[in-house]
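# Sequence below, structure please.
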Amino acid sequence: MVFGFYENLTSRQQSIYRQSDEIKYLRLAETTQLTALANELVETLPSENKKAVEKICQAIVDSINKQFNAPPLKLQVLAVRPSADWGELHGLYLPEDDGEIAKIQVWMRTAKNKKIVAFKSFLRTVLHELCHHLDYEHFGFPETFHTEGFYSRESSLFKQIYVPKENAGN
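Okay, the predicted model is just below:
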């Protein structure tokens with residue numbers, strides 16, 4: 001599936017877009033630790049303890065990065081989502097630049113009501129930004145686009161690592 005902005009891309013960018021769109025799944029070899037971390041995040045996120053949430057999320061991205069032999073990145077949890085007439089910013093990926101390690105920034109409170117972001121939305125945002133990192137560092141794409149394949153990869157990671165505790169034994 002091609003999204004509307006595809007027509008505005010250069011032929012080189014369209015080629016990258018199509019390559020990205022073809023990759024639908026990221027298979028994790030090891031998920032036990034990731035599932036435990038995701039369930040720990042379920043319990044920790046409502047506490048509003050940014051440092052604890054950041055530590056768990058950093059462990060999640062470190063584990064996934066290691067499985068794909070991708071370079072490390074720093075994850076930063078911030079307070080209230082930035083917003084403007086375009087909406088709210090949920091997360092941001094900042095690629096490595098001039099020797100500075102790549103960074104993911106995520107916000108734990110909504111802009112409008114300043115409420116803690118729902119767990120699934122928060123974890124999906126972390127994984128979404130991590131998928132940008134993997135596009136550059138694992139797949140070697142010179143650019144990263146929001147393709148159907150991109151969203152499918154994000155979803156595949158989420159489904160592999162989040163198993164609610166009540167379903168963990170099934």
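# Which neighbours in the sheet does the helix or strand bottoming out on mean pLDDT in the chain have, and how are they oriented?
Lowest by mean pLDDT, DSSP states H and E among the helices and strands of the chain is strand 83-84, with a mean of 80. Paired strands of strand 83-84, with direction, are strand 87-88 (antiparallel) (DSSP bridges).
# This protein: helices as residue ranges?
Taking DSSP state H, the helices of the chain run over residues 11-22, 32-44, 50-67, 119-137, 148-161.
# okay, the angle between the second one and helix 50-67?
For helix 32-44 against helix 50-67, the angle between stretch directions is 160 degrees (axes from the mean of the first three to the mean of the last three C-alpha atoms, to 10 degrees).
# If you count contacts, what does helix 32-44 end up packed against?
helix 50-67, helix 119-137, helix 148-161 (3 or more C-beta pairs under 8 Å, 6 or more residues apart in numbering; DSSP states H and E). (Glycine included, C-beta is placed from N, CA and C.)
# about what we covered before: a markdown table please, covering the helices of the chain and showing mean neighbour count, distance to V106 and mean pLDDT.
Formatted as a markdown table, those follow (neighbours: other C-beta atoms under 10 Å; distance: least, C-beta to C-beta, whole Å; pLDDT from 0 to 100):
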| stretch | mean neighbour count | distance to V106 | mean pLDDT |
| --- | --- | --- | --- |
| helix 11-22 | 15 | 22 | 96 |
| helix 32-44 | 17 | 11 | 97 |
| helix 50-67 | 18 | 7 | 98 |
| helix 119-137 | 22 | 5 | 98 |
| helix 148-161 | 18 | 13 | 98 |
